[in-house]
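Student: I'd like to go over a predicted model; first the sequence, then the structure.
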Amino acid sequence: MSGKCGLFFTSYRAEDAVFPSRFQKLCLTAFFLALAVCPLFLNTYHLSILNLMGISVIAAVSLNLLTGVCGQISLGHGAFVGVGAYAAALAVRAGLPFVPGLLCGGAAAAVVGMVFGLPSLRLKGIYLAIATLAAQLILEYLFLHWDAVTGGLAGVAVSPPEILGFQFMGDERMFYLIMAVATLCTLAVTNLMRTKPGRAFVAIRDYYLSAEIVGVNLFTYKLRAFGVSSFMAGIAGGLWGHYTMYITPEQFGIGQSISFLAMIIIGGLGSVQGAVFGAVFITLLPEVLSAGAGGLGSVFPDMATYFLALKEGVFGLTLVLFLIFEPEGLAHRWRLVKAYWKLYPFAH
Amino acid sequence: MEYYLQLVINGLVVGSIYSLVALGFVIIYKATKVVNFAQGELVMVGAYICFSLTVQAQLPFLVSFLMTLGFSVVLGMTIERLVLRPLIGESIISVIMVTIGLSSVLKSLVQMFWGTQIQVFPEVLPHDPIIILGLPVAPVYVAAFILSVVLFLIFSAFFKFSSIGIAMRATAFDQCAAASMGIGIKNIFALSWCIAAVVSSIGGVILGNINGINSQLGHLGLKVFPAVILGGLDSLLGAALGGLAIGVLENVCEGLAKDLFGLGGFREVAAFVILVVILMVKPYGFFGTKEIERV
C-alpha cells in the first residue's frame, strides 16, 4: 500500500514484531551491508577500534539487561567479563574447541554472577551496589593472586579462535566473528525483553512489591537476570581474551565496570539501542580525544603527559553532564531526532 | 604475639582515618540519602591542597591547614550546587554514577596539577616514638587517633545540641516535615557536603603526614563502604566504630593470611570479604536504622 502515513497494524503479530516497518528493515540491511564491506576500506587500527566496540556492545547490552531492565545495580560487571575471559581461555587450553570453550566461559561467568547475585534477594539499591562492588574487588584479587589458574600478574596467553579448522587470526577475521556474536547477543536481549521473563524483569525494576503481588517470583527472576547477564558478559570476556590473545588482571578492574555502567547510562537505561549507542560512544571517546590531543600536541608539547589524566577527566565530565542534562541518554535524543524528521517539514 | 599487637595498633591508626572518611560519608548519606563514591577523592584533594600550601607556597603548617579547611568548605558547596542539586529525586543509579563521574574529574584534576608521583609532607610532629604497651608508636599515629576521636565527639555534640545539627537530623528523618517546619532543605544539603569535605580533608592531611600522598589516594574511598556497612549506613557512632573495626580486622587478617596460607596483599580484600559476610547476616549494620517497608 503506497501513500500511507505512519504505521498501521492489522494484527497483534505485526505490532509485536522486532522490526515493525519495512523502512527499518531496509536501514538495518544497509547497516549490515556497510559493516560487511567496511574491513575492505579500513586499516588495522580502525578495525581494532571497531572490534573493541563490538565487544563493549555485548558487555553493555548484557549489563543493560541486569541494571536497565531488571533494576539490579551491578558494579561487578567488569569482573564477570574477566571470569568469562579466563574460563574460556582455560577451557580452550584444556582441549575444547573454540565455540564450546566460549560457552564454558559464559557458563562460568553465569555461575559466578549468580553466586554474587544471591544477596540480591535481601539487598536492594545501594546495598546491592556495594555488594557487587565487593564482588568486583574480591574477583580482582583472585585474578591477581590465584597464580595456579590465572597466572597471576603475568596473565594467560590465548591462541586465536578456530572454528572447524578456520583460524580467526588478525583483526579482519576477528571483526566478522565479533560482529556476528554481538548481533546475536543484541537480538537475543531484544527478544528476551518481549517474553514473560523480560516483562517480569521490568515489573521488578518498576516496583518489586507489586511484581511479587502479581505473581513474579522475585528470587528466581532476579537470579535469572544475574545469570543471563553474566553469561553474556562471559561471552564478551571470552571473545575479548581470544581477540587480544593475552589476558592480564588489570583489564578487568573496577574502572572497566564503571565504564560499562557509563555506557548504559549515556546510552539510555533500559533500551537495547541505548546500550549499543553508549558502547560506541564510550569506546570512541578516548580515540577522538587522542586524535585531538595529537593535533594539539604541536601547540602544547606537554599535552602527552597530561593525556591519561585528561582522558579520565573527560570521561567523568561526560558522565556528569549526561546525567544532569540528558538523563535518558542518547537513545532518547535519537527518538527526538527521529520524531522531528518523521513529519518534516510539518512538525508540530 | 607482639607482631599482632603491632598490627592491631597500625589497624587502629588506619582505622581512625577510615572513621573520619566514613564520618563524612555518613553525614552526606544521613542528610541527603546520596551515596558518595567520591569520598576518597575529597580526601585526596584536601591532602594535595594542604601539601601545595605548605611545601610549594612555604606557609606555616597551621595556616595552610586552616586554609585547606576553608577551601574544602568551598569545594563541598560547589559540588553540591553544581552536580548534586540537579539530581535531587533521581534514581539511585543516577546518583551513584554522578558521584563516580565526579571522582574521575577530581582525580584527573589532581593528576594534572600535581602529577602522579608520591609527594612527601614535611614533618610537623616530632619523630621520637612514644611507647604504648611496650611498643614504639610514632607520634603522628597518636595524633591521628586523638584527632579523629575529638572530631567524632565534636560532631556528635553538634548533631545533638546545636540547632543546625538538629535541623540536619530532622531533614534526614523526614524531608517534607522538615521543610514544612521552615528548615531550608537546600541549605542543609549544601552544609552536609561542606562538613563532609572538611572532615575528609582533615583525614587527607593526617594521611599525608603518615604515608605521603599520591594520586591513587582516592582508593581509600572504597574502604569506607565496609566501615559504614558494618556500623550502619546512617549512624555516626557506627561510622566511627566501623572504621576502627575494619582497620584492625584488615590488618589482622593480612597477618593471619600471611602466617597461615602464605597469601600476600590480603589486606586489600579482607575488608570486602567481611563486607559480604555482614551484608548476608546483618545488612543494616550494628547501629543502622532498619528500613521497614509496608505495602
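Tutor: Here it is on my side, so go on.
Student: low pLDDT regions in the stretch 1-150 of chain B?
Tutor: Residues of the stretch 1-150 of chain B meeting the criterion pLDDT under 70: B:124-127, B:133.
Student: got the residues of it near chain A?
Tutor: Applying CB under 8 Å from any CB of the partner chain, one finds that the stretch 1-150 of chain B approaches chain A through B:35, B:83, B:86-87, B:90, B:92-94, B:96-98, B:100-109, B:111-112. Every residue, glycine included, has its C-beta placed from N, CA and C.
Student: the same query, at a cut-off of 10 Å, please.
Tutor: Within the stretch 1-150 of chain B, the residues that sit near chain A (CB under 10 Å from any CB of the partner chain) are B:29, B:33-35, B:37-38, B:41, B:82-87, B:90-113, B:115-116.
Student: near chain A at all, the helix or strand hosting B:A178?
Tutor: Applying DSSP states H and E as the criterion places B:A178 in helix B:175-180. No: no part of helix B:175-180 sits near chain A under the criterion CB under 10 Å from any CB; the closest distance found is 17.4 Å.
Student: ok, whichever helix or strand comes after that helix near chain A or not?
Tutor: Proceeding N to C from helix B:175-180, the next assigned helix or strand is helix B:185-211, under DSSP H and E. No: shown here: helix B:185-211 not in contact with chain A (CB under 10 Å from any CB), separated by at least 15.1 Å.
Student: tell me which residues in the helix holding B:A178 are buried?
Tutor: Neighbour-count burial for helix B:175-180 flags B:175, B:178 (criterion: 16 or more other CB atoms under 10 Å in any protein chain shown).
Student: so how far is that helix off the chain centroid?
Tutor: Distance of helix B:175-180 from its chain centroid, counting by CA atoms, centre = their mean, to the nearest Å, is 28 Å.
Student: that one - contacts with which helices or strands?
Tutor: helix B:163-173, helix B:185-211 (3 or more CB pairs under 10 Å, 6 or more residues apart in numbering or on different chains; DSSP states H and E).
Student: helices of the stretch 51-200 of chain B, start to end?
Tutor: Secondary structure of the stretch 51-200 of chain B (DSSP state H, counting those that start in this stretch): helices at B:61-79, B:92-114, B:139-161, B:163-173, B:175-180, B:185-211.
Student: and the pLDDT for the residue lying closest to A:P160 once chain neighbours are set aside?
Tutor: Nearest in space to A:P160, with sequence neighbours left out and distances taken as CB to CB, 6 or more residues apart in numbering or on different chains, is A:M169 at 4.7 Å. Looking at A:M169, its pLDDT is 78.
Student: check the one 10 residues further on too.
Tutor: At A:M179, the pLDDT value in this model is 93.
Student: which helices and strands does the host helix or strand of it pack with?
Tutor: Element membership of A:M179, judged by DSSP H and E, is helix A:170-192. In terms of contact count using 3+ CB pairs under 10 Å, 6+ apart, helix A:170-192 is assigned the packing partners helix A:22-41, helix A:44-63, helix A:98-117, strand A:166-167, helix A:196-206, helix A:218-244, helix A:272-297.
Student: which one of the ones you listed is the most hemmed in?
Tutor: Greatest average neighbour count among these goes to helix A:218-244 (a mean of 26), per mean count of other CB atoms under 10 Å in any protein chain shown.
Student: and the residue nearest to A:P160, what does it touch?
Tutor: A:159-162, A:245 (CB atoms under 10 Å, 6 or more residues apart in numbering or on different chains).
Student: quick revisit: any chance of JSON lines for the helices and strands packed on helix A:170-192, columns distance to chain B?
Tutor: Shown next, in JSON lines, are those (distance: least, CB to the nearest CB, whole Å):
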{"stretch": "helix A:22-41", "distance to chain B": "29"}
{"stretch": "helix A:44-63", "distance to chain B": "11"}
{"stretch": "helix A:98-117", "distance to chain B": "8"}
{"stretch": "strand A:166-167", "distance to chain B": "38"}
{"stretch": "helix A:196-206", "distance to chain B": "10"}
{"stretch": "helix A:218-244", "distance to chain B": "13"}
{"stretch": "helix A:272-297", "distance to chain B": "12"}
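Student: export those to TSV and tack on distance to A:T183?
Tutor: Converted to TSV, those look like this (distance: least, CB to CB, whole Å):
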stretch	distance to A:T183
helix A:22-41	8
helix A:44-63	9
helix A:98-117	15
strand A:166-167	19
helix A:196-206	19
helix A:218-244	13
helix A:272-297	10
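Student: these: which one's closest to B:I183?
Tutor: helix A:196-206 (31.9 Å; CB to CB).
Student: list the contacts of the next helix or strand after that closest one.
Tutor: Of the helices and strands lying after helix A:196-206 in sequence (DSSP H and E), the nearest is helix A:208-213. Contacts to helix A:208-213, defined as CB under 10 Å, 6+ apart, come from residues A:71, A:124, A:199-205, A:207, A:216-219, A:221-222, B:293-295.
Student: in stretch B:255-268, what counts as buried?
Tutor: For stretch B:255-268, burial by neighbour count (16+ other CB under 10 Å) applies to B:255, B:257, B:263, B:266-268.
Student: thinking again about what came up before, quickly compare the helices of the stretch 51-200 of chain B and say which is most buried.
Tutor: helix B:185-211 (a mean of 24).
Student: from the contact counts, what lies against it?
Tutor: Counting contacts by 3+ CB pairs under 10 Å, 6+ apart, helix B:185-211 is packed against helix B:2-32, helix B:39-51, helix B:61-79, helix B:139-161, helix B:163-173, helix B:175-180, helix B:220-231.
Student: with just CA atoms, put the third one into CSV.
Tutor: Going back to what we said before, that points to helix B:61-79. Taking Å, rounded to 0.1, in the frame of the first residue of the first chain, the C-alpha atoms of helix B:61-79 are listed here in CSV:
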residue,chain,number,x,y,z
PHE,B,61,51.6,24.3,58.6
LEU,B,62,48.8,25.6,60.9
VAL,B,63,48.0,28.4,58.4
SER,B,64,47.9,26.1,55.5
PHE,B,65,45.8,23.6,57.4
LEU,B,66,43.2,26.2,58.2
MET,B,67,43.2,27.4,54.6
THR,B,68,42.7,23.8,53.4
LEU,B,69,39.6,23.6,55.6
GLY,B,70,38.3,26.9,54.1
PHE,B,71,39.0,25.5,50.6
SER,B,72,37.1,22.3,51.5
VAL,B,73,34.1,24.3,52.5
VAL,B,74,34.0,26.0,49.1
LEU,B,75,34.7,22.7,47.3
GLY,B,76,31.9,20.9,49.1
MET,B,77,29.4,23.7,48.4
THR,B,78,30.4,23.9,44.8
ILE,B,79,30.0,20.2,44.3
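Student: contacting residues for the residue sitting nearest the centre point of chain A?
Tutor: Centroid-nearest residue in chain A, with CA atoms, centre = their mean: A:A60, separated by 1.9 Å. Neighbour list for A:A60: A:53, A:68, A:77, A:186, A:233, A:236, A:259-264, A:266-267, A:272, A:274-283 [criterion: CB under 10 Å, 6+ apart].
Student: please apply the same query to B:Q119.
Tutor: Taking CB under 10 Å, 6+ apart, we find B:Q119 in contact with B:47-48, B:51-52, B:55-56, B:208, B:212-215.
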